[in-house]
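Undergrad: Sequence and predicted structure below; questions after.
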Amino acid sequence: MSLVPSPSAVRGDLTLQPTYFTSSLFVIPFRADIEQLTNTFIKEYMTDVTQPFALFKRIWQDQGWTWMHLKVFDARTRHVYLTVASRLFIERFAQHIEPIRKLVALFGLYTFYFTQPLGSRIPLYSIRHVDIAIDQYGLLLELPKAVSPMLAPYASQVLSALQNAFVFYVLPVSRLEPYNPRVLPREVYVEDEEETVQRTGSTCFPTESELDMPVPGSSGTQEGGMAAVKVPKKKGRPSKQTIAKRTKDAVAGLDRWLERTDSVVGRAAGGSGTGPSRARGHALLSHAPTVSRANYRAQKTQVLGALTEQGGEGMEALERANMAVLGRLKKIDAMAAEKGLEVGGEGGELTGLGRVERAASRGGILSLMEGAGSSRV
């Protein structure tokens, strides 16, 4: 008996998954389409107030809403599509929405529901009920009184048709999130870096090739004369081996970048850029962060002034903050030592923990910039 699968002459049909219609790929554009439909109706209604529903139907057809029911044919996916589309009309029945915009949403829900192809030769799935929260249903019932007298008869007629067809399935109040799914969109689509580059032609993140770019005055090849080659990104979740290799490559690229970059201090001193006296680091690292330092000092002065105004209570609060920060650093130091990692107490007097201990006993941690943690003070 052969275990080889026999070939099939029937091709598989492409079908949208139900999660597509609950994702941001569908929900956000559909909301924008409803907003465009509403704005167009309001704009044209200002010039012609004689037949509002006839005007709405014309705009509905002009914008291609008549083809919405032919978007998907699979019953399972179609149920989610019709439910989400109806809900996006329902969600516009809110307190902060203008009455005329609620009326357009009512017209859209009415037209969308009653234009479902029920008697087509190829039967298509259709929904019989539309979920609506009870507070939104109350706003819907008050809509004929909220709109202008010219629009009130149309709102009453459309609402009556929906009620007579028993369309609405009333749920608890919307603050309890009774819908399924609870919020829309449920899935948020996020572009990866490759798709962003293909769409915009640029990326906001530095790549490995950028780390390997030659700086002015240096050769454009790596050590050994080999040029940097960027490997195309693979789809799927990377393995642990791949993650480790990428980490090593990134560290090696950063190290090469540091080796090729001279500090401004070394150049100003007339150094040749080679030998032990060469300063490692980018040119920007040699400049003091003047703006950040000024902002920090201004905020520190403001905080100390506010604490001084409170007298002894302010100074006690500052002392407790110093001891809390110092205790937290000691705890981190002990946890690192338990795991065999490099700890803050092993580096001598220049380590962060030692400086904080001295600063806490002298002028406070906020005085570190003034040399409170130095062993020479």
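TA: Cool, the structure landed.
Undergrad: Can you tell me the closest non-neighbouring residue to Thr38?
TA: Leaving aside its sequence neighbours, Thr38 sits nearest to Val104 (C-beta to C-beta, 6 or more residues apart in numbering; 4.4 Å). All C-beta atoms are positioned from the backbone trio N, CA, C, and that covers glycine.
Undergrad: And for Pro178?
TA: Computed as C-beta to C-beta, 6+ apart, the closest residue to Pro178 that is not its neighbour in sequence is Leu171, at 4.0 Å.
Undergrad: what's the one you found sitting at in phi/psi?
TA: When read as degrees, to the nearest 10, the backbone of Leu171 gives phi -110, psi 170.
Undergrad: Count the neighbours of Gln302 for me.
TA: For Gln302, the count of nearby residues is 10 (other C-beta atoms under 10 Å).
Undergrad: At which residues are the helices of the stretch 201-350 of the chain located?
TA: 208-211, 240-259, 264-268, 290-309, 312-338 (DSSP state H, counting those that start in this stretch).
Undergrad: I'd like to know which of the ones you listed lies nearest to Arg121.
TA: Using C-beta to C-beta as the measure, helix 240-259 is the one of those that comes nearest Arg121, at 53.5 Å.
Undergrad: For the residue nearest to Pro178, give me the pLDDT.
TA: On pLDDT, Leu171 comes in at 94.
Undergrad: give the contact list for it.
TA: Asp131, Ile132, Ala133, Ile134, Pro178, Tyr179 (C-beta atoms under 8 Å, 6 or more residues apart in numbering).
Undergrad: what residue lies at the spatial centre of the chain?
TA: Taking C-alpha atoms, centre = their mean, the centroid of the chain lies closest to Val190, which sits 7.4 Å from it.
Undergrad: Helix, strand or coil: sort out that one for me.
TA: Judged by DSSP: H, G, I helix; E, B strand; the rest coil, the three-state class of Val190 is coil.
Undergrad: for Phe73, same thing?
TA: Using three-state DSSP, the structure places Phe73 in coil.
Undergrad: Give me the distance between it and Leu16.
TA: As defined by C-beta to C-beta, to the nearest Å, Phe73 lies at a distance of 10 Å from Leu16.
Undergrad: now do Leu118
TA: According to C-beta to C-beta, Leu118 stands 22 Å off from Leu16.
Undergrad: Would you mind telling me which of these two has more residues around it?
TA: Neighbour count, other C-beta under 10 Å: between Leu118 and Leu16, Leu16 has more, with 16 against 9.
Undergrad: I'd say that one and Thr77 touch.
TA: Yes. Counting by C-beta atoms under 8 Å, Thr77 is a contact partner of Leu16 at 5.4 Å.
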